[in-house]
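Asks: Using only what follows, build the 3D model:
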Amino acid sequence: MGIFFKQMSESQIKNSRQGIYQGFYVYMMLLLVNVIGDYFFEGPLFSSAFVFWAGIIASSGWAFILDLKDKRRQKKAP
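Replies: Next up is the predicted model:
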């Protein structure tokens, strides 16, 4: 695994897990909205592709934001 990917630090692993949790919550909320929309409006409000990409972007984006915050904290601390 060391050939293609660098080793993640503990804070990166923690941030990645938090990002995965946020992505899961985004999936659940969008699927709930889709089910409610399907029930009331006779059709889903979001396409499957939108739900998929929204979850991926939310998960990756949240982990990236947390990593940036950690890097800024490390730069400020002497």
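Asks: Just give me the residue closest to the centre of the chain.
Replies: Most central in the chain under CA atoms, centre = their mean is Ser59, positioned 1.0 Å from the mean C-alpha point.
Asks: Enumerate every residue touching the residue nearest to that one when sequence neighbours are not counted.
Replies: Once flanking residues are discounted, Ser59 sits nearest to Gly23: 2.7 Å by CB to CB, 6 or more residues apart in numbering. (Glycine included, C-beta is placed from N, CA and C.) The neighbours of Gly23, taking CB atoms under 8 Å, 6 or more residues apart in numbering as the test, are Gly55, Ile56, Ala58, Ser59, Ser60, Trp62.
Asks: what number of residues lie near the fifth one?
Replies: Applying the criterion other CB atoms under 10 Å, we find 15 residues in the vicinity of Ser60.
Asks: show me what contacts it?
Replies: By CB under 8 Å, 6+ apart, the residues touching Ser60 are Gly19, Gly23.
Asks: Work out for me the element it sits within.
Replies: Using DSSP states H and E, Ser60 maps to helix 48-76.
Asks: circling back to that earlier point, any idea how far the residue nearest to Ser59 is from Lys75?
Replies: 27 Å (CB to CB, to the nearest Å).
Asks: Also Val51?
Replies: 37 Å.
Asks: Comparing the two, which residue is more hemmed in?
Replies: Shown here are Val51 and Lys75; by other CB under 10 Å, Val51 has more neighbours (19 against 8).
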